[in-house]
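Engineer: sequence plus predicted model, see below.
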Amino acid sequence: SVVARAFGAMLLLFVLVFSSFFVWRLPGEQESAAWVSVLFLLGCIGLFGFAYRAATKKQMAVATASTLLATDVTIIWFLFFWSVILGHQGDTITLLQFVSLSLAIMLAGAVGNRGLVILTTVLMNGVTLTLGLAYFSANLGLLFVIGILQQWTAATLAIVIVSSYQQTLREVSLAYVQTRQLEELKERFITNVNHELRTPVMTVLGYLDYLQRAWQTLSPDALARGFEKAHTVGAHLLRLIEG
């Protein structure tokens, strides 16, 4: 929910600035394409909003897929708009945008799993190859190869992070289950001890209370039997404690 809300807010701010200060300065065909792109980005903002709502409803699979889809589409659009529609083929900003393709891969590792990381990496490889072969000069071919290697490097790191996180999560879950089991055993032990000790303690107290109140009226034999019973119950209580 935090990622979807933050990305959606940043994209909305960009659309507002882009629409207010830059679109109307573009020449005719580019301006029309820019307005179409604004509508396209508003759809991506709506997708981020949908992801946020899904996350607040604990629909994590839907939220993750929506966030990754909106992020991937937005990054690809920026690259396509700058390099193809505006015609800035092979300049520094375009190359920086190619580097930003790896951000989508890292995001897939942060909020998704290995499958999403690999799927996102293959998608970004396809974008790199398509735009690289179609719109850039041949002397940049090596750079695109390096870009693809960089993307798989980012994917490897993301998979390692995901695996480590999942392992840590499993260990924490196991520790939590064990803690809960220990708490349950503790509660059962206390309950059993309370039950086992309460009866002999109350019995001893009952005998002693009876002897205290009636000792003057009891015969020596009755007193002896009373003390003997109290001693027997006390010895039983001692064995329970020692056992």
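Structural biologist: On my side now, so go ahead.

Engineer: now stretch 80-91: mean pLDDT?
Structural biologist: Taken as a whole, stretch 80-91 carries a mean pLDDT of 75.

Engineer: list the buried residues in that stretch.
Structural biologist: For stretch 80-91, burial by neighbour count (16 or more other CB atoms under 10 Å) applies to Phe80, Phe81, Trp82, Ser83, Ile85, Leu86. Using the backbone N, CA and C atoms, a C-beta is placed for each residue, glycine as well.

Engineer: just stretch 59-70 next, same as before
Structural biologist: Ala63, Thr64, Ala65, Ser66, Thr67, Leu68, Leu69, Ala70.

Engineer: equivalent analysis for stretch 153-168, please.
Structural biologist: Ala154, Ala155, Ala158, Ile159, Val162.

Engineer: which residues touch the last one?
Structural biologist: The contact partners of Val162, taken as CB atoms under 8 Å, 6 or more residues apart in numbering, are Gly109, Gly112, Asn113, Arg114, Val117.

Engineer: please pick out the residue of the protein most distant from its centre.
Structural biologist: Ser219 (77.0 Å; CA atoms, centre = their mean).

Engineer: next one: it from Val3, what distance?
Structural biologist: Going from Ser219 to Val3 by CB to CB, to the nearest Å gives 87 Å.

Engineer: before we move on, back to that, can you redo the buried residues of stretch 153-168 as CSV with distance to Phe98, secondary structure and pLDDT?
Structural biologist: Putting the buried residues of stretch 153-168 into CSV (distance: CB to CB, whole Å; DSSP: H, G, I helix; E, B strand; the rest coil; pLDDT from 0 to 100) gives the following:
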residue, distance to Phe98, secondary structure, pLDDT
Ala154, 12, helix, 80
Ala155, 15, helix, 84
Ala158, 18, helix, 80
Ile159, 21, helix, 82
Val162, 24, helix, 76
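
Engineer: make CSV out of those residues and add distance to Leu123.
Structural biologist: Formatted as CSV, those follow (distance: CB to CB, whole Å):
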residue, distance to Leu123
Ala154, 13
Ala155, 11
Ala158, 14
Ile159, 16
Val162, 17
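
Engineer: just give the closest residue to the most centrally placed residue in the chain, not the sequence neighbours.
Structural biologist: Nearest residue to the geometric centre of the chain (CA atoms, centre = their mean): Val111, 6.7 Å. Leaving out its chain neighbours, the residue that sits closest to Val111 by CB to CB, 6 or more residues apart in numbering is Thr64, at 5.1 Å.

Engineer: burial of Arg5, as a residue count?
Structural biologist: Arg5 has 16 neighbouring residues, counting by other CB atoms under 10 Å.

Engineer: in this structure it contacts Arg53, no?
Structural biologist: No: applying CB atoms under 8 Å as the test, Arg5 and Arg53 come out as separate, 10.3 Å apart.

Engineer: ok so, going back, for the residue nearest to Val111, what are its contacts?
Structural biologist: Here Thr64 is in contact with Ala51, Val111, Gly112, Leu116 (criterion: CB under 8 Å, 6+ apart).

Engineer: in helices, which of the residues you listed fall?
Structural biologist: Ala51, Val111, Leu116 (DSSP state H).
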